[in-house]
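Colleague: 3D, please:
(one chain, ligands or ions: 1)
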Amino acid sequence: MPFPEHSIPTPNHDATREHERLGVCFHHSAETFADSLAILTDPARKVSYHCLIDLDGARATLVADAHIAWHAGVSSFHGRERCNDFLLGCSFAGNTWHAPLTDAQIASALEWVAPRWTRYGWTLAWMTDHRQIAPQRKDDLNPVEWERLRAALAARFVP
Ligand SMILES: [Zn+2]
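Modeller: Residues are numbered from 1 along each chain as shown. Down below sits the predicted model:
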């Protein structure tokens, strides 16, 4: 059954340059869904994700795939810097160091990824998280939760 998805546009994005959409950087927001949305739509904060997923699997989409969201900061992946230019940002409400991802959050993430996996030709090698592309600086996701998510992505999308 599909999870509800609501469009909540934010000014915190860059629509002036092409977004390459080579894969996804997953995050946790470290806040509740409501508190996260308040931050992500505040122009003074200059942060955003393409998608935020609540504990019950409900999704907010904040930035169009074609536009660059501001989620990764100083980062590097596959030898390339400025990951915002080429990775979509998908975040889970909550803090994976305090509580595991809910089953609904993982199922909803798979549902969000599914049409894009085909559309953009994604592979597992281009799925990552903030901790891995900004080591020492960022700690999301908890590695245990990243492995759960990665296994779920592999089971669903890798033949
Ligand atoms: Zn993050």
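Colleague: What is the longest helix along the chain packed up against?
Modeller: Taking DSSP state H as the criterion, the chain has its longest helix at helix 103-120. Applying 3 or more C-beta pairs under 8 Å, 6 or more residues apart in numbering; DSSP states H and E, one finds that helix 103-120 contacts strand 23-28, strand 51-53, strand 87-92, helix 143-157. (Each C-beta comes from the backbone N, C-alpha and C, glycine too.)
Colleague: Tell me which of these is the most buried.
Modeller: Of all these, strand 87-92 has the most neighbours on average by mean count of other C-beta atoms under 10 Å, namely a mean of 28.
Colleague: What's the separation between the residue nearest to the spatial centre of the chain and the ion?
Modeller: Using C-alpha atoms, centre = their mean, the residue of the chain that lies closest to the mean C-alpha position is residue 90, 1.3 Å off. For residue 90, the distance to the ion equals 10 Å [C-beta to the ion, to the nearest Å].
Colleague: Could you double-check that that residue sits in contact with residue 50?
Modeller: Yes: counting by C-beta atoms under 8 Å, residue 90 touches residue 50, with 6.2 Å between them.
Colleague: So which residues on the protein come close to the ion?
Modeller: 27, 130, 140 (C-beta under 5 Å from the ion).
Colleague: May I have the residues that are in contact with the second one?
Modeller: When you say that, I think you mean residue 130. 25-27, 71-72, 75, 138, 140-141 (C-beta atoms under 8 Å, 6 or more residues apart in numbering).
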